[in-house]
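# could you work out the structure for the sequence below:
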Amino acid sequence: MDALDPDPDHDLPEHEEGELRPGPLWRHALWTVGVTLCGLGLGWAASTFRLGPPEFGIPSAAPGSPWPLLAVCGVAGLAAAALLRVTAARIPVYGPGRVCLALVFFGTRLALAYRPEPAILGSGAAAVLLAAGAWCGYARWTHRGTTPTPTPAATASPAP
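Numbering: from 1, shown residues only. Take a look at the predicted model:
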């Protein structure tokens, strides 16, 4: 077991906990824009080919202008990234960059492949925000559970 865990004194839940990301506002804004642009770029690049066999999988990008779809995906991605970053500045959140990147990537990839109607595209953007909010809610819930609780021996009053 020592080969798998080089530090046996290290508790596993603390190791898996996210990091607190305080800092100036410009750093948060730069992170938000950078993660969103990376997700958009990767989604756009992935839309140049088909994912999976022709019977299954996501088709390549449908013909037409991608700019309106990229704009909607970008706005939804910025909102999701801002939500994750604001939460990560206040409480520890596990992997906010990876979560945001995955949400923006998959949203962009699906939007470019299927060219949905505006109502469905708006529903997809709402789903991205809901997923980011759920991730932040889970972080809040797990953070609340890690606050130290006093033991009965520490709260007992001394005997007279």
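# now for the particular helix or strand that has residue 75 in it, which elements pack on it?
If you go by DSSP states H and E, residue 75 is part of helix 67-90. Contacts defined by 3 or more Cβ pairs under 8 Å, 6 or more residues apart in numbering; DSSP states H and E place helix 67-90 against helix 25-46, helix 96-114, helix 118-145. Glycine gets a C-beta too; all of them are placed from N, C-alpha and C.
# grab the nearest non-local neighbour of residue 21.
Of all residues not flanking residue 21 in the chain, residue 88 sits nearest, at 4.4 Å (Cβ to Cβ, 6 or more residues apart in numbering).
# contacting residues for the most centrally placed residue in the chain?
Residue closest to the average C-alpha location in the chain (Cα atoms, centre = their mean): residue 99, at 2.4 Å. Residue 99 makes contacts with 84, 131-132, 135, as judged by Cβ atoms under 8 Å, 6 or more residues apart in numbering.
# if I look at it, how far off is residue 35?
Separation of residue 99 from residue 35 (Cβ to Cβ, to the nearest Å) stands at 10 Å.
# try residue 110
18 Å.
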